[in-house]
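Peer 1: test case, fold it:
(chains A, B, C and D)
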Protein chains: 2
Amino acid sequence: MEPEKVRAPNIRDVAALAGVSYQTVSRVLNDSPSIKPSTRQRVLDVIAEVGYRPNQAARALVTSRSRTIGVLSSQTAHYGPTTSVNAIEQAAREAGYRLSITSISSGDYASIKSAIDYLLSQAVEALVVIAPQVRVFDALADLSINVPYVTLESTGRDSGHSLSVDQVAGARLATKHLIDLGHTEITHISGPQDWIEADARMQGFLHEINDAELRTRAPILGDWSAHFGYYAGLELLRFRDFTAVFAGNDQMALGFMHACRESGLDVPGDISVVGFDDIPEAAHFSPPLTTVRQNFAEIGRRAVELLLSELSGGAGQNHDQIRPELVVRATTAPPAW
Amino acid sequence: MEPEKVRAPNIRDVAALAGVSYQTVSRVLNDSPSIKPSTRQRVLDVIAEVGYRPNQAARALVTSRSRTIGVLSSQTAHYGPTTSVNAIEQAAREAGYRLSITSISSGDYASIKSAIDYLLSQAVEALVVIAPQVRVFDALADLSINVPYVTLESTGRDSGHSLSVDQVAGARLATKHLIDLGHTEITHISGPQDWIEADARMQGFLHEINDAELRTRAPILGDWSAHFGYYAGLELLRFRDFTAVFAGNDQMALGFMHACRESGLDVPGDISVVGFDDIPEAAHFSPPLTTVRQNFAEIGRRAVELLLSELSGGAGQNHDQIRPELVVRATTAPPAW
DNA sequence: TTCTTGAATGTGAACGTACACATCGCCAAT
DNA sequence: ATTGGCGATGTGTACGTTCACATTCAAGAA
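Peer 2: Prediction:
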């Protein structure tokens, strides 16, 4: 008298109860046209009654279609990636697809390969990679990926699979804004060197500085966090050989402004600050932050759109970069001297 | 001469190339003990050579184990849920599990049911629900879920499946801090009414107010955003019948402080503010925000731990709530009068 | 009537894997 | 020489579904 673990009902159970063949049930499940309405209803009733749920594994096995898009992300709670993932999820869901998400903690080759292997072994039909570290991107090229894929936030590394807001243009926008205000001594607090986006922003910054025939100190390499911005600011302000700062993201800008405040410096009176991303909180910083807005949701949507069109045999020519937008608020002003 | 879509290699292809039976390959894949090292190596070599990847669908079909944990989340880019999901992902990965994530945009019964159905049809072995709206929780009770599951951020709705930081205690901590400083007129800006956590925080606030025999106006119902905090603040400050504000989260606190600044009010000189969550940015707000820290990562880890122990037949008695912690920074001070 | 047609339904595979159960050597003990 | 045992490997089958093809049946055309 053991408890006898009840097996979940399968298509044959349903068929037997409805008095039809399993194939008929399959047809009902797949909305086949030639099914008598009364039969369909009977099957549907039985399905509801016994709580039958089609087994995706079996379905995927025979069709080799999983209706799943794989997402590989680096493990972060950052606003940008998170927003993109949400947009991807929604766009995918609307197209009848779901997401299988896995992330990598370290950026080493083995863990990237293992993550990709996992996703592909899930028979995902397409892949979105939101892992903007250089190493990830390189590893990707090594692996033979036989499904459509797109990498997000990988400006400039376009091998026909990249989709991103133009980081270089964004950085130039921010830098030019400061230059136009009259600043000549501008410092850049960058993101981590191995992040593609961080590098692109730095390049944009340096290009713009160069075009204006200005000079700048070597950018500080940060880690995107407000904490870093704060401590870097404390350090930087001991010398104060600049009148403006372009931070690689809004969080570092926030931390930097905190350091300014503590050093008795006024933003934008003494120092101008520009961020990057335009997180929702940026408008409420003290003072509200001038920053570069990128539309993360749009990126996510476009990624799915691109992938889906490739899946249905389309060319998938959609690689134009999305333009970022400068949002001028209250942290920038002409230099004091 | 059509391009002839190449089929991915399967276990039999590998076996043939390695000169062994498919079962031997299977044994290599599953780390079976009795395999001659030389054979194992030969198989491994072939696997690497042809780029063989085990088909998860087939594997799941025959074992009825997917090694996947399903995650149902409401679509948000909030710091808390995101952090928890990351922790879940990591803990799951370390235990050899992966995540299948789906989210619900609207909170209606049909979309919840569809999301759950999807996850269960993926044969997920366990379920984590991070959808703190009341409706989701109710819908869950209706559905027959035959796998271990746990709901996060659902204080007080414990039906043996809930895991959360004690929101009531957190809110009391925040409120008591303000009362201890001498404030008697405290206003609460709450999260959306149908969020379980928002309600719990409000209850904690009201209990503490009551215990101190104070009075308070009806809490404002917000939407968690800094924008809301700002506009609510503008409105609230027209009357200024309070000396302290307890905001339902850090973002609303930030927005409120923005409104204070614009109204020429000093925080904490004129008005004290306490937030909730302790997002990483809170320490760098202007001034740094006094808030209640909850350990979202811990929640995620514990969820996986709980689920895994249930899966391996354990009792899974792990429902003690996690204590939140008050972090006093610079937005609170005794009332001016 | 008989044949044709098409709608509605049924039957036999196949997908790729793991489990249960053989089978095959080979060595040590008898 | 025979037996027993065990390490190493092979064979049959099942998992739940869909696809390709077959069959049934009723209605209309000849």
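
Peer 1: which residue packs closest to A:Gly51, ignoring adjacent ones?
Peer 2: Excluding the flanking residues, the one nearest A:Gly51 by Cβ to Cβ, 6 or more residues apart in numbering or on different chains is B:Ser144, at 6.1 Å. Where C-beta positions appear, they are placed from N, C-alpha and C, glycine not excepted.

Peer 1: what is the burial count for that neighbour?
Peer 2: Number of residues near B:Ser144 (other Cβ atoms under 10 Å in any protein chain shown) recorded here: 7.

Peer 1: now it: which helix or strand?
Peer 2: According to DSSP states H and E, B:Ser144 maps onto no helix or strand at all.

Peer 1: cool, A:His188 as well?
Peer 2: For A:His188, the element it lies in under DSSP H and E is strand A:186-190.

Peer 1: need the residues of chain A near DNA strand D, please.
Peer 2: Applying Cβ under 7 Å from any atom of the strand, we find that chain A lies next to DNA strand D at A:7-8, A:10-12, A:22-23, A:26, A:29-30, A:52, A:54-55, A:58-59, A:61-63.

Peer 1: buried ones among those?
Peer 2: Buried by 16 or more other Cβ atoms under 10 Å in any protein chain shown: A:11, A:26, A:29, A:52, A:54-55, A:58-59, A:61, out of the residues of chain A next to DNA strand D.

Peer 1: A:Ala95 and A:Leu307 touch, don't they?
Peer 2: No. With contact defined as Cβ atoms under 8 Å, A:Ala95 does not count as touching A:Leu307 (9.4 Å).

Peer 1: quick one: contacts for A:Ala87?
Peer 2: The contact partners of A:Ala87, taken as Cβ atoms under 8 Å, 6 or more residues apart in numbering or on different chains, are A:296-301, A:304.

Peer 1: measure the residue nearest the centre of chain A to A:Ile299 for me?
Peer 2: Geometric centre of chain A, nearest residue: A:Pro81, 3.3 Å, by Cα atoms, centre = their mean. As for A:Pro81, its distance to A:Ile299 is 10 Å (criterion: Cβ to Cβ, to the nearest Å).

Peer 1: overlap in contacts, these two.
Peer 2: Counting by Cβ under 8 Å, 6+ apart, the residues touching both A:Pro81 and A:Ile299 are A:152-153.

Peer 1: follow-up on the earlier one: ok, and what's touching the strand holding A:His188?
Peer 2: Under the contact criterion Cβ under 8 Å, 6+ apart, strand A:186-190 has outside partners A:175, A:178-179, A:198-199, A:201-202, A:205-206, A:209, A:214, A:216-217, A:219-222, A:228-229, A:232, A:236, A:242-248, A:252-253, A:256.

Peer 1: can you give the distance from that strand to the centre of its chain?
Peer 2: Centre-to-centre, strand A:186-190 and its host chain are 24 Å apart (Cα atoms, centre = their mean, to the nearest Å).

Peer 1: just checking: what are the partner strands of that strand?
Peer 2: strand A:220-221 (parallel), strand A:244-247 (parallel) (DSSP bridges).

Peer 1: same list, those, but as TSV with mean pLDDT, mean neighbour count and distance to A:Ser121 please.
Peer 2: As requested, the strands paired with strand A:186-190 are exported to TSV (pLDDT from 0 to 100; neighbours: other Cβ atoms under 10 Å in any protein chain shown; distance: least, Cβ to Cβ, whole Å):
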stretch	mean pLDDT	mean neighbour count	distance to A:Ser121
strand A:220-221	96	19	37
strand A:244-247	98	30	41
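
Peer 1: dump these to TSV, plus distance to A:Ser111.
Peer 2: Formatted as TSV, those follow (distance: least, Cβ to Cβ, whole Å):
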stretch	distance to A:Ser111
strand A:220-221	23
strand A:244-247	30
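
Peer 1: for chain A, name the helix or strand with the lowest mean pLDDT.
Peer 2: When the helices and strands of chain A are compared on mean pLDDT, DSSP states H and E, helix A:134-142 comes out lowest with a mean of 80.

Peer 1: got a list of contacts for the helix or strand following it?
Peer 2: The element immediately downstream of helix A:134-142 (helix or strand, assigned by DSSP H and E) is strand A:149-152. Contacting residues not belonging to strand A:149-152 are listed as A:81, A:84, A:126-132, A:137, A:140, A:157, A:161-164, A:299-300, A:303, A:306-307 [Cβ under 8 Å, 6+ apart].

Peer 1: same question for stretch A:166-185.
Peer 2: The contact list for stretch A:166-185, computed with Cβ under 8 Å, 6+ apart, reads A:155-156, A:186, A:197, A:200-205, A:207-209, A:212, A:214, A:216, A:241-244, A:246, A:272, A:274, A:276, A:290-292, A:294, A:321-326, A:328, A:332-335.

Peer 1: give the PyMOL command for selecting the buried subset of the residues you listed.
Peer 2: Buried members of the contacts of stretch A:166-185, defined by 16+ other Cβ under 10 Å, are picked up in PyMOL with:
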select buried, chain A and resi 155+186+197+200+201+202+203+204+205+208+209+212+216+242+243+244+246+272+274+276+290+291+292+294+321+322+324+326+332+333+335
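
Peer 1: keep only those of the contacts of stretch A:166-185 that are in strands.
Peer 2: Those of these mapping onto strands are A:186, A:244, A:246, A:272, A:274, A:291-292, A:325-326, per DSSP state E.

Peer 1: need those in CSV (columns: distance to A:Ser74).
Peer 2: CSV is the format used below for these (distance: Cβ to Cβ, whole Å):
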residue, distance to A:Ser74
A:Ile186, 29
A:Ala244, 30
A:Phe246, 24
A:Ser272, 31
A:Val274, 25
A:Thr291, 22
A:Val292, 21
A:Glu325, 25
A:Leu326, 27
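
Peer 1: dump the residue contacts of the residue nearest to the centre of chain A.
Peer 2: A:73-74, A:130, A:152-153, A:296.
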